[in-house]
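S.K.: below are the sequence and a predicted model for it; my questions follow.
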Amino acid sequence: MSSDSVSTSAELSPELRVKPKAAAKKVQRDSDKEEPQLLPNEMVQDMAQDITYFCPFIGALRGTVTVTNYRLFFKCIDREPAFVLDLPLGVVSRVEKIGNASRDVSYGLVCKDMRNLRFAHKQLEDTLRKSIFEVLMKFAFPVSNGLPIFAYEYGQVFPENGWKVYDAVSEYKRQGIPNESWRITKVNDHYEVCDTYPSTLAVPVNIPDEELKRVAAFRAKGRIPVLSWIHPESQATVTRCSQPMVGVNGKRSKEDEKYLQAIMDANAQSHKLFIFDARPSVNAAANKMKGGGYESEDAYQNAELVFLDIHNIHRIGHGDKNHTDADRSPVFIQFIDCVWQLTRQVRNECC
C-alpha cells in the first residue's frame with residue numbers, strides 16, 4: 001500500500017466515517033464481565049489497581065489490571081457501561097517500559113495486530129509496576145522463559161480434531177488435482193526429501209518419485225518446484241522452489257531440467273516458462289560462491305529468468321520492529337484498532 005492510498009476520516013465518504021461517539025461505543029465490548037472468566041487451567045498471576053489505560057478513542061481510563069497465564073484483563077468501572085479490555089498475551093509482540101522521570105510511570109504493549117496499548121500508574125507504585133511488567137514479560141513469551149504454551153495447558157477436548165481440519169488431498173481435489181498433467185505424491189510423507197515442505201505435494205504426472213529425489217538433491221534444502229496454484233480453465237500454474245545448487249562451476253542436473261520442462265508441458269497453451277527470482281541479480285550471483293545460484297537460460301530451454309530485485313527479502317516480514325512510534329501513522333493505527341473492535345462486536349452480537 002502506498003502512502004497516497006491512506007485517507008483520513010475527513011476524506012472518507014459519510015457512510016465510512018467513524019464519529020468519535022460511535023468509536024467510543026464500539027469499544028464497550030464484554031462490559032458485562034465483572035472479572036475475567038478463567039478458562040480451564042488459566043490462573044491469575046498478578047493484579048494491580050488504580051492503573052490508567054490510554055484508550056485512543058475514549059482517552060485515559062482508570063481501572064484494574066489482572067494478568068493470567070493466558071491474558072491481560074483491564075476493567076474500568078467508572079463508566080456506564082463498564083469498559084473492558086480482554087487481551088490474549090499471545091497477540092503481544094513486545095513489552096516496553098516508557099519513561100522514568102515523570103510523575104507517572106508506564107509501559108506499552110506492541111501487538112501483532114498493529115495495536116499499541118499503553119498503561120500507567122503513579123511512580124510511588126513502582127514496585128507494583130515492576131511486578132506487572134515482569135509477569136507480562138514472562139507469560140507473553142512463555143517459550144523464552146521455559147514455560148509451556150497455554151494452548152497445551154488449556155487441554156480442552158474439542159469435537160473436531162484440529163489436525164484433520166485441513167486435508168491436503170481434499171484441497172487438491174477442489175482445485176482439480178490430480179488430472180492428466182499433475183499428480184499427488186507422498187514422496188515426502190516422512191519429511192525425508194524436504195523437512196520444510198508438507199507431506200503431500202502436487203508434481204508433474206510424468207516425473208516418478210525417484211526422479212523427484214534427484215531433483216531435490218539439486219535444490220537448496222530439497223525444496224523442489226511444487227504446485228502452489230492452478231488456474232481452473234487455462235491450467236496456468238504457479239510453482240515455488242528454492243535456488244538450484246549450480247555453484248561457481250555452473251553444475252547442471254538433467255533431472256531438474258527435465259522437471260521444469262514437464263511443468264511447462266503441463267500447460268498445453270504455454271510456450272515459455274517464466275522463472276521469477278525474488279533476489280537482486282547481484283545477490284543471486286554471489287550465492288554461487290556458497291554453492292547456490294540461479295537457473296541458466298542456456299540449460300533450461302524455453303525459460304526466461306526475471307530478477308525481482310527485492311533487497312533483504314528474508315527481513316521483509318520483520319521490518320515493522322525497526323520503526324519507532326514516530327514512524328508509525330497514528331491515524332492508520334487507530335483505523336486498524338477500530339476495524340478490530342467492530343469485528344469483535346459484530347461477532348459477539350451474532351453469537
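M.R.: Received, thanks.
S.K.: any stretches of the stretch 151-300 of the chain with poor pLDDT?
M.R.: Within the stretch 151-300 of the chain, no stretch has pLDDT under 70.
S.K.: contacts for the helix or strand hosting Val95?
M.R.: With secondary structure defined by DSSP states H and E, Val95 is part of strand 92-98. Strand 92-98 is contacted by residues 105-112, 118, 120, 133, 136-137, 140-141, 321 when judged by C-beta atoms under 8 Å, 6 or more residues apart in numbering. In this view, the C-beta of every residue, glycine as well, is placed from N, C-alpha and C.
S.K.: go again using 7 Å as the cut-off
M.R.: The contact list for strand 92-98 (C-beta atoms under 7 Å, 6 or more residues apart in numbering) reads 106-112, 118, 133, 136-137, 140.
S.K.: correct me, but Asp256 touches Arg214?
M.R.: No - under the criterion of C-beta atoms under 7 Å, Asp256 is not in contact with Arg214, lying 8.0 Å apart.
S.K.: among the two, which residue is more densely surrounded?
M.R.: Asp256 (26 against 16; other C-beta atoms under 10 Å).
S.K.: how about the helices in this structure?
M.R.: 20-26, 126-139, 150-154, 168-174, 209-217, 254-265, 281-286, 330-350 (DSSP state H).
S.K.: show me the contacts for Arg183.
M.R.: Arg183 touches 203, 205, counting by C-beta under 7 Å, 6+ apart.
S.K.: ranges for the strands of this protein?
M.R.: Using DSSP state E, the strands found in the chain span residues 44-55, 59-68, 71-76, 83-88, 92-98, 104-111, 116-122, 182-185, 201-204, 226-230, 237-240, 273-277, 303-307.
S.K.: ok, of the ones you listed, where does mean pLDDT dip lowest?
M.R.: Sorting the strands of the chain by mean pLDDT places strand 104-111 lowest, at a mean of 83.
S.K.: what is that strand packed up against?
M.R.: For strand 104-111, the packing partners by 3 or more C-beta pairs under 7 Å, 6 or more residues apart in numbering; DSSP states H and E come out as strand 92-98, strand 116-122, helix 126-139.
S.K.: compute the inter-axis angle for the first one and strand 71-76.
M.R.: Angle of strand 92-98 versus strand 71-76, following axes from the mean of the first three to the mean of the last three C-alpha atoms, to 10 degrees, is 50 degrees.
S.K.: quick one, strand 92-98 and strand 104-111 angle?
M.R.: Going by the same axes, to 10 degrees, strand 92-98 makes 160 degrees with strand 104-111.
S.K.: give the pairing partners of strand 92-98; include direction for each.
M.R.: Strand pairing for strand 92-98, determined by DSSP bridges: strand 104-111 (antiparallel).
S.K.: dump the residue contacts of Ser199.
M.R.: 186, 188-189, 191.
S.K.: just the buried members of those?
M.R.: Asn188 (16 or more other C-beta atoms under 10 Å).
S.K.: Serialize the helices and strands packed on strand 104-111 to JSON lines and add fields for distance to Asp209 and mean neighbour count.
M.R.: Listed next are these as JSON lines, based on distance: least, C-beta to C-beta, whole Å; neighbours: other C-beta atoms under 10 Å:
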{"stretch": "strand 92-98", "distance to Asp209": "42", "mean neighbour count": "15"}
{"stretch": "strand 116-122", "distance to Asp209": "50", "mean neighbour count": "20"}
{"stretch": "helix 126-139", "distance to Asp209": "46", "mean neighbour count": "17"}
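S.K.: would you list these in JSON lines and tack on distance to Ser228?
M.R.: Shown next, in JSON lines, are the helices and strands packed on strand 104-111 (distance: least, C-beta to C-beta, whole Å):
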{"stretch": "strand 92-98", "distance to Ser228": "28"}
{"stretch": "strand 116-122", "distance to Ser228": "35"}
{"stretch": "helix 126-139", "distance to Ser228": "37"}
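S.K.: so which of the ones you listed is nearest Lys288?
M.R.: Proximity to Lys288 (C-beta to C-beta) singles out strand 92-98 among the helices and strands packed on strand 104-111, at 36.7 Å.
S.K.: can you check what angle separates the closest one from strand 116-122?
M.R.: 40 degrees.
S.K.: how close does Gly292 sit to Met47?
M.R.: Gly292 sits 54 Å away from Met47 when distances are taken as C-beta to C-beta, to the nearest Å.
S.K.: before we move on, what about Gly90?
M.R.: Distance from Gly90 to Met47, by C-beta to C-beta: 20 Å.
S.K.: ok, Ala216 next?
M.R.: Ala216 sits 54 Å away from Met47, going by C-beta to C-beta.
S.K.: neighbour-wise, which of these two wins?
M.R.: Neighbours per residue (other C-beta under 10 Å) separate Ala216 from Met47, with Ala216 holding more: 23 against 17.
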